[in-house]
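Colleague: Okay, structure incoming, though there's no sequence with it:
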Ligand SMILES: Nc1ncnc2c1ncn2[C@@H]1O[C@H](COP(=O)(O)OS(=O)(=O)O)[C@@H](OP(=O)(O)O)[C@H]1O
Ligand SMILES: Nc1ncnc2c1ncn2[C@@H]1O[C@H](COP(=O)(O)OP(=O)(O)O)[C@@H](O)[C@H]1O
């Protein structure tokens, strides 16, 4: 019996089928690929391309996209530092469940604060939190501006927009960094996904 947060008198319930059993069934190891970066840096593009590539290889993956989750689970949250922290905490907990289910969970959120990302890392088993930094310059993200949000932020119509008048703290020790090539060209979506798939293969996540 224990107390956790505001809950008292709660008990952990063990189930007879465990993570290893599910991994054997799926022939893969559960993990979280956490994609962080500015708005417009290509997080969703990488998440979707990676999801499709894994699917075509017979691997079960699921994408948790920040924008999409804010339509449901996180629709009560805004963009203050506190709300972003709660957003990342919730998605980290959901991602942990997916990884425990044996899936390759792909989470794509700006997740601008290092401590929030590190908290997610700390609740996952060793090495199963794979942080991918979309290291794209603000200029490029702003030039893309697919939703017109940078334009609105520059005009002062959106306050607290990441990269404009709100902080983004780049990772210090991420597992994977996606960046422009030497000629200043962004790698194609397939090349970005290939970089992540290569990592998952090398670390043994795509087999049991
Ligand atoms: N103020 C502000 N700052 C940043 N982004 C904003 C803001 N307001 C709305 N949006 C839109 O919300 C998307 C980011 O949601 P996230 O849940 O990923 O953000 S966070 O991780 O909680 O910071 C983000 O999506 P992406 O462009 O895909 O990153 C925007 O479409
Ligand atoms: N590797 C890429 N090469 C060319 N264009 C890209 C690439 N990645 C993303 N884009 C384009 O950049 C824009 C922003 O990408 P998106 O995935 O929506 O970013 P984010 O999810 O980080 O906001 C979209 O118009 C997308 O088509």
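Modeller: That came in fine, so what should we check first? Bear in mind the structure is a predicted one, so any value in this text is a computation, not a measurement. Ligands and ions are numbered 1, 2, ... in the order given.

Colleague: how close does the residue of the chain found nearest ligand 1 sit to ligand 2?
Modeller: Residue of the chain nearest ligand 1, by CB to the nearest ligand atom: residue 66 (2.4 Å). (C-beta placed from N, C-alpha, C; glycine too.) According to CB to the nearest ligand atom, to the nearest Å, residue 66 and ligand 2 sit 8 Å apart.

Colleague: Next, the contact list for the residue nearest to that residue when sequence neighbours are not counted, please.
Modeller: Of all residues not flanking residue 66 in the chain, residue 109 sits nearest, at 3.5 Å (CB to CB, 6 or more residues apart in numbering). Counting by CB atoms under 8 Å, 6 or more residues apart in numbering, residue 109 touches 34-36, 43, 64-66, 69, 87-88, 91.

Colleague: roughly how far apart are the nearest residue to residue 43 once chain neighbours are set aside and residue 11?
Modeller: Among residues not flanking residue 43 along the chain, residue 108 sits closest, at 3.9 Å (CB to CB, 6+ apart). For residue 108, the distance to residue 11 equals 35 Å [CB to CB, to the nearest Å].

Colleague: Neighbour count for the two, which is higher?
Modeller: Looking at residue 108 and residue 11 with other CB atoms under 10 Å, you find the greater number of neighbours at residue 108, namely 30 against 7.

Colleague: returning to what we had before: residue 108 is in contact with the residue of the chain closest to ligand 1, correct?
Modeller: Yes: if you go by CB atoms under 8 Å, residue 66 and residue 108 touch, sitting 6.4 Å apart.

Colleague: what sits in contact with each of the two?
Modeller: residue 43.

Colleague: what about the residue of the chain closest to ligand 1, neighbour count?
Modeller: By other CB under 10 Å, the residues close to residue 66 number 22.

Colleague: For it, give me the backbone phi and psi.
Modeller: Main-chain torsions, residue 66, degrees, to the nearest 10: phi -50, psi -50.

Colleague: do the same with residue 34
Modeller: Phi and psi for residue 34, reported as degrees, to the nearest 10, are phi -100, psi 110.

Colleague: Without its sequence neighbours, what residue ends up closest to residue 31?
Modeller: Of all residues not flanking residue 31 in the chain, residue 128 sits nearest, at 4.3 Å (CB to CB, 6+ apart).

Colleague: In this structure the one you found contacts residue 30, no?
Modeller: Yes: using CB under 8 Å, residue 128 is in contact with residue 30, at 6.9 Å.

Colleague: Same drill for the two, tell me which one is more crowded.
Modeller: Under the neighbour definition other CB under 10 Å, residue 128 and residue 30 were set side by side, and residue 30 has more, 25 against 18.

Colleague: residues touching that one, list them.
Modeller: By CB under 8 Å, 6+ apart, the neighbours of residue 30 are 19, 22-23, 98-105, 128.

Colleague: per-residue confidence at the closest residue in space to it that isn't next to it in sequence?
Modeller: Counting by CB to CB, 6+ apart, residue 30 lies nearest to residue 99, which is 3.9 Å off, once chain neighbours are set aside. In this model, residue 99 is scored at 98, pLDDT.

Colleague: Tell me the backbone dihedrals of residue 99, please.
Modeller: With angles defined as degrees, to the nearest 10, residue 99 sits at phi -60, psi -40.
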